[in-house]
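**Student:** what follows is a predicted protein model with its sequence.
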Amino acid sequence: MKKVEPRILSGFMELLPPDQIQFNWMVDTIRRVYEEYGFLPLDTPTIELSEVLLAKAGGETEKQIYRFFKGDTDLSLRFDLTVPLARYVSSHYNDLIFPFKRYQISKVFRGERPQKGRFREFYQCDIDIIGNESLDLVYDAEIPTVIYHVFEELQLGKFTIRINNRKVLSGFFESLGLEHEITDILRIIDKMDKMGEEVVKRELLEQGIVEKNIDAIFTFLHTSGTVEEKLASLKKLSNHPLYQEGLEELEIVFSALKEFQVKEEYYTLDLTIARGLDYYTGTVYETILDDYPSLGSICSGGRYENLTEYYTDQHLPGIGISIGLSRLYSQLKEAGILKENHESISSILLVPMDKEVRGYTLDIANYLRENGIKTDVYYQEKGMKQKIKYADRLGIPYVGVIGEEEVAEKKVAFKNLETGTQELITKEELLKRLTK
RNA sequence: GCGGAUAUGGUGAAGGGGUUAACACGGUGGAUUGUGGUUCCAUUAUGCUAGGGUUCGAAUCCCUAUAUCCGCCCCA
């Protein structure tokens, strides 16, 4: 029979069990920290009506969204978790308690050209806070605080949360009379980190920005010092109202970060942070691992004032951030930052010698499981060698061998695979060994 | 959407027109029928992305298609 090649689509990721265990550990860690800060779980549909998801839709979203028809219904796979959140909040407005804090860890889909660290299906771990009419700026500091604790717990080394404010950028460029070029300028200066100053300067020139303004932009971007010093010198650069408003917002956010006791070396004011979807209106964030800057931003987000305007007349400003976990995981793995995982799920493998002792073995298994021990049992009629090897290859640290002798004595031959030692013990002693 | 590169087993790969496709890892079975990780032995692609062409002969040369990878755009 002609076989079908068992392949998956490019841009889609699947892992082997040891990696999946590791991946799930990261998901569990992220979820735990999110919940510690009072964020509530949410799960929206993978597929939604295209008119809903594309209500705002700029060019890129429209190009990259997976869109199809089922009968006459125009459907799309969700492109991110923020737009579905806006829809959710709008449709459940009456039943939600504001400020509404939710997290969602789910897959999203983008039909892009796949390449390194870029997937067509990937996990996003979002937290967002939606206010009713208004949302205090303190929340703009709480978001990076949560992220700070997440990355602390993930143990990926030193990282920096880079913070900026769109109003500062827009206001500054408007003060130079560049209001029409803002989007392009933001896009270009965002490359600063990756491409360097020369490239940025050249592209700005190509964009038709005059030399004088480019110099002003670089003066602005080169503002240095501590956060306080930067803010102080920035204030003198322009009196533009939007610009000043953005700076005041940054001041509030940074002073709140101190109250949240986020260590100062873990965040910074970075004027080149412009990226993110175009729905961001105020504070924006990006996070990099200091030891691996080439990974780029592993977590970004910001404040969006008007995201629900397409669904409701209620004014529901929000702030949120997202960890691109699939990318983060694959790049950490590739860079060798994550150690090989030898942890298994099961703590012990029970091995019945033959089917006569299976009943006794299952009694032991149930006893262990009732006491919270993850227990696997081997049922294949193979040699002892294969049975032990199974545990060894899965990384299960202990084996409980059960034959006629053990049944007669109501005990288990408890073998430690790491040391090779073995002892004959009762199930109570077995439980004790496994709980420690 | 644009540009570049590459396609050999479960994996990493050698071979660049001559007949059994090297080597390594992994898998399976075995080396005193209740003991793994080391070692040893055996075994593991009638086939080199697919289709067509050149040739006495094609993984090897040519064409087409497809897939994958890497940039750009954009982004997690």
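**Tutor:** All right, it came through fine.
**Student:** host element of the closest residue to A:Gln380 other than its chain neighbours?
**Tutor:** Using C-beta to C-beta, 6 or more residues apart in numbering and skipping residues adjacent in sequence, the residue nearest A:Gln380 is A:Gln386, 7.2 Å away. C-beta: built from backbone N, CA, C; applies to glycine. Applying DSSP states H and E as the criterion places A:Gln386 in helix A:384-394.
**Student:** swap in A:Leu424?
**Tutor:** Taking DSSP H and E as the definition, A:Leu424 sits inside strand A:422-425.
**Student:** can you list contacts of the helix or strand just after that strand?
**Tutor:** On the C-terminal side of strand A:422-425, the closest following helix or strand by DSSP H and E is helix A:427-435. Contacts to helix A:427-435, defined as C-beta atoms under 8 Å, 6 or more residues apart in numbering, come from residues A:347-348, A:364, A:367-368, A:371-373, A:398, A:400, A:410-412, A:414, A:425.
**Student:** which positions in stretch A:167-179 come out as buried?
**Tutor:** Buried residues in stretch A:167-179, counted by 16 or more other C-beta atoms under 10 Å: A:167-176, A:178.
**Student:** from these, pick the one nearest RNA strand B.
**Tutor:** A:Leu169 (13.7 Å; C-beta to the nearest atom of the strand).
**Student:** so which strand or helix has A:Phe68?
**Tutor:** Taking DSSP H and E as the criterion, A:Phe68 maps to strand A:67-70.
**Student:** quick one: that strand to chain centroid distance?
**Tutor:** Relative to its parent chain, strand A:67-70 has a centroid offset of 28 Å by C-alpha atoms, centre = their mean, to the nearest Å.
**Student:** and the pLDDT for the residue nearest the centre of chain A?
**Tutor:** The centre of chain A sits closest to A:Ile323, judged by C-alpha atoms, centre = their mean, with a distance of 2.3 Å. Looking at A:Ile323, its pLDDT reads 94.
**Student:** around RNA strand B, which positions in the stretch 1-150 of chain A sit nearby?
**Tutor:** The stretch 1-150 of chain A has residues A:9-11, A:60, A:80, A:110, A:112-120, A:122, A:124 near RNA strand B, with proximity defined as C-beta under 7 Å from any atom of the strand.
**Student:** need the three-state assignment for A:Tyr285.
**Tutor:** When classified by DSSP: H, G, I helix; E, B strand; the rest coil, A:Tyr285 comes out as strand.
**Student:** could you do A:Gln124 as well?
**Tutor:** Recorded secondary structure, A:Gln124: strand (three-state DSSP).
**Student:** how about the residue lying closest to it once chain neighbours are set aside, what does it touch?
**Tutor:** With C-beta to C-beta, 6+ apart as the measure, A:Ser322 is the residue that lies nearest to A:Gln124, at 4.8 Å, once sequence neighbours are left out. Listed by C-beta under 8 Å, 6+ apart, the contact partners of A:Ser322 are A:80-82, A:124-127, A:299-301.
**Student:** just the CA trace of the helix or strand encompassing A:Ser322, in CSV.
**Tutor:** Assigned by DSSP H and E, A:Ser322 falls within strand A:318-324. Extracted as CSV, the C-alpha positions of strand A:318-324 are listed here (Å, rounded to 0.1, in the frame of the first residue of the first chain):
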residue,chain,number,x,y,z
GLY,A,318,-7.2,48.6,28.0
ILE,A,319,-3.6,47.7,28.6
GLY,A,320,-2.0,44.3,27.9
ILE,A,321,1.0,42.4,27.1
SER,A,322,1.7,39.1,25.4
ILE,A,323,4.4,36.5,25.6
GLY,A,324,5.0,34.8,22.3
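**Student:** does the helix or strand just after that strand reach RNA strand B?
**Tutor:** Using DSSP H and E, the next helix or strand after strand A:318-324 towards the C-terminus is helix A:325-334. Yes: counting by C-beta under 7 Å from any atom of the strand, RNA strand B is contacted by helix A:325-334 at A:326-328.
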